[in-house]
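Dropping a prediction and its sequence here:
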Amino acid sequence: MSYLLLLLAFFVGILLGALLFNKTQPRSIFKIRSTQQGLSRKDAAGLLASVLTQKLPALIPKVIMETDQTIAFEHPRPKYKFHYIFMPKKDIKNIGELGKEDRDHLIDLFSAIVSQINKQNLYNYRVWSNGPGKQDVSYLHFHLGGE
């Protein structure tokens, strides 16, 4: 009987994994060849960000706005008087991996940024995104921050 429960738990885990990770970009979790690296810290964070934004957005703290294609929240370690993160609800690792099929997500994301700027009547602000070498999380996101 315990083998049956173990087998059932295994298949439930496979099913849950398939549901959670079905729209994420491939990230090398395991080191297969000696020249490959395993999952880096920022790739693991990107995988978690992908699952949270696409499947479990209710678990993201301090959300300031959400649309069908974008989620925005307060930066967990703000460097400015106001500092927000805007993320598409599609797993895109960085600007260099954008394609024509991502156009609607970017339009929605920038509309959300404009909406927040207008809502708070912001004037002295910056909007930026980092390349893969400068990202802490391998997931396309934009910062809105300022004094």
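Nice, I can see it.

State the distance from the residue positioned nearest the centre of the chain to N121.
With distances taken as Cα atoms, centre = their mean, A49 lies nearest the centre of the chain, 3.6 Å away. From A49 over to N121 the distance is 29 Å, taken as Cβ to Cβ, to the nearest Å. Glycine gets a C-beta too; all of them are placed from N, C-alpha and C.

follow-up on the earlier one: check contacts around the residue nearest to the centre of the chain.
M87, V137, Y139, H141 (Cβ atoms under 8 Å, 6 or more residues apart in numbering).

Now the element after the longest strand belonging to the chain, going C-ward?
In the chain, with assignment by DSSP state E, the single longest strand is strand 82-88. Next helix or strand after strand 82-88 toward the C-terminus (DSSP states H and E): helix 103-119.

Residues in contact with stretch 110-121: which ones?
64-65, 67, 70, 72, 82, 84, 86, 122, 125, 127, 142, 144.

Filter the residues you listed down to the ones in helices?
Judged by DSSP state H, the subset of these located in helices is empty.

Of those residues, just say which sits nearest to R103.
Using Cβ to Cβ, T70 is the member of the contacts of stretch 110-121 that lies nearest R103, at 13.4 Å.

what residue ranges in the protein are flagged as low confidence?
The model of the chain has pLDDT under 70 over residues 1, 3-38.
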